[in-house]
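K.L.:
From the sequence below, what's the structure:
(chains A, B, C and D)
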Protein chains: 2
Amino acid sequence: MDAEHPLQLLVRNFELRCRLSPESRQALLDLPHSVQTMEAGSYLVREGEPPKKSVVPISGYACRQKITRAGTRQIIAIQIPGEAVDLQNLYLETADHNVQMLRRGTVALVPRDKLRELARSNSEIGEAIFAKTLVEAAIFREWVVNIGRRQAPQRIAHILCELGFRLKSMGLAKEYGYELPMTQEELGDAVGLTPVHVNRTLKLLVAEGLIERDKRSVSFPNWQKMRDAADFNERYLHPGIQAPIANF
Amino acid sequence: MDAEHPLQLLVRNFELRCRLSPESRQALLDLPHSVQTMEAGSYLVREGEPPKKSVVPISGYACRQKITRAGTRQIIAIQIPGEAVDLQNLYLETADHNVQMLRRGTVALVPRDKLRELARSNSEIGEAIFAKTLVEAAIFREWVVNIGRRQAPQRIAHILCELGFRLKSMGLAKEYGYELPMTQEELGDAVGLTPVHVNRTLKLLVAEGLIERDKRSVSFPNWQKMRDAADFNERYLHPGIQAPIANF
DNA sequence: CGTAGTGTTGAGTCAAGTCAATGGTTGTGG
DNA sequence: CCACAACCATTGACTTGACTCAACACTACG
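P.N.:
Below is the predicted model:
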C-alpha cells in the first residue's frame, strides 16, 4: 500500500467515472510531485491567497471551510484521499475558501501550471478534470439542500451516507462501515448544527437502529433502511461505471 | 435591445472575467440556436433525465432546485439572463437537479454537442466555460455557508446583495437597486426559511434602513452598511476585470 | 499519570416554524 | 374596462427544533 505510487489514488479517483487510456494514466503518474506530511489543522489553501500548488491528500482527510464574520465556521466539503483539492481553483486567481487537514496525514503536491498544461494538451484528462469538478459542484448543491431543507436527524444521516458511499467507491471503507475522521464539532460545522445537538442526534440514530458507533467508526446495520431514512440517493455523486459495487 | 443577437448576453457574461478574442466571440455568436418563450414554472432541465439542449435565459430568470422526499423544495441557485444553465451538466450524463423558469421569459437553446465541440476545439472558450462553472461552484459554496451559519436577517440580506451585485455586473440593475423576480416563498426556498419568516425578516431589514422595497423591487439606501450587515464579500463571485464598477 | 481535547447529559431559552385568518395584487376573460 | 379568481403578502397566536450554558465523564497522547 505505502509502496504504491502516491498519485495512483488520484488516477483511481478519475477512473471512477471516466475511462483513461494507458497513456493518460501514465501522464498523470508522471506529473512532478512531492509528498509531505501535514499536521492536523494545517492549511492547504487559504482564502484570499492565490493557489500555487495543487494538493492531493494521500492519507488523511481535508475539508473546505469558510469562517463568517460572526466567527462561526462552516465546512463546505470533505475531501477524501485521492481527491485533488485545487481543481476548484484551477482557472481562478484567488481562493475563495480555506482548505485544511482534518487530522495529520500525507499529501502530494503538484505544480498547478503542470496540471493545467496537461489538462490543455490531453483532452481526455482535461475532460476528466472538468467532470470531476462538476461532480464536486453537484455535491455542493446537495449540501445546500441538506442544510436548507432537512431536519437534524436526516441531515446527519445524509452526510454519513455520502461519506460512506464515497469511501466505499474508492475502496477505503470497511465491509459494513467506515472510520469517521471527524469530531462531533466538525460534523456539526459540516451540517450547520451545534456539537451538542449533533451528539443528541447521533444517539437518536443509534436508538433507531440506523447506525452503530464504536469510537470514531460508523456502520450501517441496514443500508436500505438508512438510505431511506436519510433521503439519500447517490445520483448526485454520478457514480458512473462502478455504480453497483458501492453498496453497504 | 431586442434587436441584439440573443447570444450577445452569453458573450458578455463570459467576458466579465475572461478576455475573448474577436474570433472566439464570433464563434460563440455563430453557435446554432433557437429562441423560445417559456412559461413561468416550465422545466428547462429535469432531475434524472439526460440534458440534450443547453439553455441560456435571455429575458427572465431561472432557478436550480431540488425537492426532498418530504416534499420541501430547496432552490440552489438563481440564473440571471446570459448565464448558460447547462454548463453544470456539460460533461455529466444525467441531471441531478431541476432547472425551472421563475417567471415567463425567453431562452436561447443551443445543442449541447455543438457547445462541447467548440469548448474542445477553442481552448480560450473551453477555459472560459471551465472558469464560469468554477465560479458557479463558488456560489454554491457560499450558499452552504449562508444557509448553514447565518441567521435569517443576514441570510436574506446576503442573497439580496449577491443578486444585486451579479445583476449590476451584467448591467441589468437600476442605479440603486433592482427588480427582484421572486415571491417571498421562492426567496424562502432559496435561503432555507419559511415564507412567513421571510416576510417578517424583510420588514426588519426595512425597519433597520438596510433595504427599501416597492412591489418587487429592492434598493439599498446605504450599500456599505448593507454589505457589512450581510457579511457580503464579493470575492467568491470572482468579479475579475470589471470589479470596481459593480457597486451600488 | 496528568492535561487538554472530546463526548455526554440536563435545564432553560430563543429563533424559526406552524396554523390560520385577512388583505392586496395581478392577470385574464367576459 | 371591469370583475372575478388565483396567487401573494401580511399579521397574530402558539409550538417546537435547535441553541446556550454549564457541569461532568471519558480517552488519548505526551
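K.L.:
switch to C-alpha atoms for all contacts and neighbour counts from now on
P.N.:
Fine.
K.L.:
Give the phi and psi angles for the residue nearest the centre of chain A, as a check.
P.N.:
The C-alpha lying nearest the average C-alpha coordinate of chain A belongs to residue A:79 (CA atoms, centre = their mean; 2.7 Å). In terms of degrees, to the nearest 10, the main-chain angles of residue A:79 are phi -100, psi 120.
K.L.:
how close does the residue nearest to it when sequence neighbours are not counted get to chain B?
P.N.:
Setting aside the residues directly before and after it, residue A:79 is nearest to residue A:62 in space (CA to CA, 6 or more residues apart in numbering or on different chains), at 5.0 Å. Taking CA to the nearest CA, to the nearest Å as the measure, residue A:62 falls 16 Å from chain B.
K.L.:
Look up which residues are beta-bridged to residue A:62.
P.N.:
Assessed by DSSP bridges, residue A:62 has beta-bridge partners residue A:79, residue A:101.
K.L.:
and stretch A:93-108, what's its mean pLDDT?
P.N.:
Stretch A:93-108 comes out with an average pLDDT of 95.
K.L.:
and it, anywhere near DNA strand D?
P.N.:
No: using CA under 7 Å from any atom of the strand, we find that stretch A:93-108 stays clear of DNA strand D, coming within 10.2 Å at best.
K.L.:
From the contact counts, what lies against the biggest helix by length in chain A?
P.N.:
When every helix of chain A is counted residue by residue (DSSP state H), the longest turns out to be helix A:123-149. Secondary structure elements in contact with helix A:123-149, counted by 3 or more CA pairs under 8 Å, 6 or more residues apart in numbering or on different chains; DSSP states H and E, are helix A:8-14, strand A:73-79, helix A:112-121, helix A:152-169, helix A:184-191, strand B:73-79, helix B:123-149.
K.L.:
so who does the residue of chain A most remote from its centre touch?
P.N.:
Ranking residues of chain A by C-alpha distance from their mean position (CA atoms, centre = their mean) puts residue A:207 at the top, at 27.7 Å. By CA atoms under 8 Å, 6 or more residues apart in numbering or on different chains, residue A:207 lies in contact with nothing.
K.L.:
for it, phi and psi?
P.N.:
Backbone phi and psi, for residue A:207 under degrees, to the nearest 10, turn out to be phi -60, psi -30.
K.L.:
Could you measure from it over to residue A:216?
P.N.:
As judged by CA to CA, to the nearest Å, residue A:207 and residue A:216 stand 17 Å apart.
K.L.:
ok, now residue A:156?
P.N.:
For residue A:156, the distance to residue A:216 under the criterion CA to CA works out to 15 Å.
K.L.:
of the two, who's got more company?
P.N.:
Neighbours were counted for residue A:156 and for residue A:216 using other CA atoms under 10 Å in any protein chain shown; residue A:156 has more, 25 against 12.
K.L.:
how many neighbours does the closest residue in space to the more buried one that isn't next to it in sequence have?
P.N.:
Sequence neighbours aside, residue A:191 is the residue nearest to residue A:156 in space, at 6.8 Å (criterion: CA to CA, 6+ apart). Residues near residue A:191, counting by other CA under 10 Å, number 28.
K.L.:
and residue A:191, what is it in contact with?
P.N.:
Under the criterion of CA under 8 Å, 6+ apart, the neighbours of residue A:191 are A:74-75, A:143, A:146-147, A:155-156, A:159, B:148.
K.L.:
Let's have those in a markdown table, adding distance to DNA strand C.
P.N.:
As requested, those are exported to a markdown table (distance: CA to the nearest atom of the strand, whole Å):
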| residue | distance to DNA strand C |
| --- | --- |
| A:74 | 15 |
| A:75 | 15 |
| A:143 | 16 |
| A:146 | 13 |
| A:147 | 11 |
| A:155 | 15 |
| A:156 | 14 |
| A:159 | 16 |
| B:148 | 10 |
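K.L.:
Just the buried ones from the residues you listed, in ChimeraX syntax?
P.N.:
In ChimeraX, this line selects whichever of the contacts of residue A:191 come out buried by 16 or more other CA atoms under 10 Å in any protein chain shown:
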select /A:74,75,143,146,147,155,156,159 /B:148
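K.L.:
any weak-confidence spans in chain A?
P.N.:
Low-confidence segments of chain A, defined by pLDDT under 70, are located at A:1-3, A:242-247.
K.L.:
if you set the cut-off to 50 instead, what comes out?
P.N.:
Within chain A, the stretches falling below the threshold (pLDDT under 50) are A:1-2.
K.L.:
Which residues of it lie near chain B?
P.N.:
Near chain B, the residues belonging to chain A are A:48, A:66, A:68-69, A:72-76, A:88-89, A:91-92, A:94, A:96, A:120, A:123, A:127, A:130-131, A:133-134, A:137-138, A:140-141, A:143-145, A:147-150, A:191-193, A:231, A:235-236, A:238 when assessed by CA under 8 Å from any CA of the partner chain.
K.L.:
what residues go with each domain of chain A?
P.N.:
Using automatic domain parsing, the domain ranges for chain A come out as A:8-122, A:142-245.
K.L.:
Report the distance from the last one to the chain centre.
P.N.:
Using CA atoms, centre = their mean, to the nearest Å, the mean C-alpha position of domain A:142-245 is found 13 Å from that of the whole chain.
K.L.:
Surely residue A:43 touches residue A:101?
P.N.:
Yes: taking CA atoms under 8 Å as the definition, residue A:43 is a contact partner of residue A:101 at 6.6 Å.
K.L.:
Make TSV out of the helices and strands packed on helix A:123-149 and add distance to DNA strand D.
P.N.:
Below are the helices and strands packed on helix A:123-149 laid out as TSV (distance: least, CA to the nearest atom of the strand, whole Å):
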stretch	distance to DNA strand D
helix A:8-14	25
strand A:73-79	11
helix A:112-121	32
helix A:152-169	4
helix A:184-191	8
strand B:73-79	14
helix B:123-149	8
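K.L.:
Tell me who's in contact with residue A:44.
P.N.:
Shown in contact with residue A:44 (CA under 8 Å, 6+ apart): A:55, A:98-101.
K.L.:
now it: how far from chain B?
P.N.:
Distance, residue A:44 to chain B, using CA to the nearest CA: 17 Å.
K.L.:
which SS state does that residue fall under?
P.N.:
strand (DSSP: H, G, I helix; E, B strand; the rest coil).
K.L.:
and chain A, which of its residues are near DNA strand C?
P.N.:
A:182-185, A:195-196, A:199-200, A:203, A:216.
K.L.:
Including distance to residue B:220, could the residues you listed go into JSON lines?
P.N.:
Below are the residues of chain A next to DNA strand C laid out as JSON lines (distance: CA to CA, whole Å):
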{"residue": "A:182", "distance to residue B:220": "41"}
{"residue": "A:183", "distance to residue B:220": "41"}
{"residue": "A:184", "distance to residue B:220": "40"}
{"residue": "A:185", "distance to residue B:220": "37"}
{"residue": "A:195", "distance to residue B:220": "37"}
{"residue": "A:196", "distance to residue B:220": "38"}
{"residue": "A:199", "distance to residue B:220": "41"}
{"residue": "A:200", "distance to residue B:220": "42"}
{"residue": "A:203", "distance to residue B:220": "46"}
{"residue": "A:216", "distance to residue B:220": "48"}
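K.L.:
Which of the residues you listed ranks first by neighbour count?
P.N.:
With neighbours set by other CA under 10 Å, the maximum within these is found at residue A:184, which has 18 neighbours.
K.L.:
Quick check: it vs residue A:155, distance?
P.N.:
Taking CA to CA as the criterion, residue A:184 is separated from residue A:155 by 14 Å.
K.L.:
residues in contact with residue A:131?
P.N.:
If a contact means CA under 8 Å, 6+ apart, then residue A:131 has B:91-92 as its contacts.
K.L.:
Mind doing that once more with 10 Å?
P.N.:
By CA atoms under 10 Å, 6 or more residues apart in numbering or on different chains, the contact set of residue A:131 is A:14, A:17-18, A:125, A:137, A:238, B:88-92.
K.L.:
Specify which member of these is nearest to residue B:166.
P.N.:
The shortest gap between residue B:166 and any of the contacts of residue A:131 belongs to residue B:88, at 18.5 Å (CA to CA).
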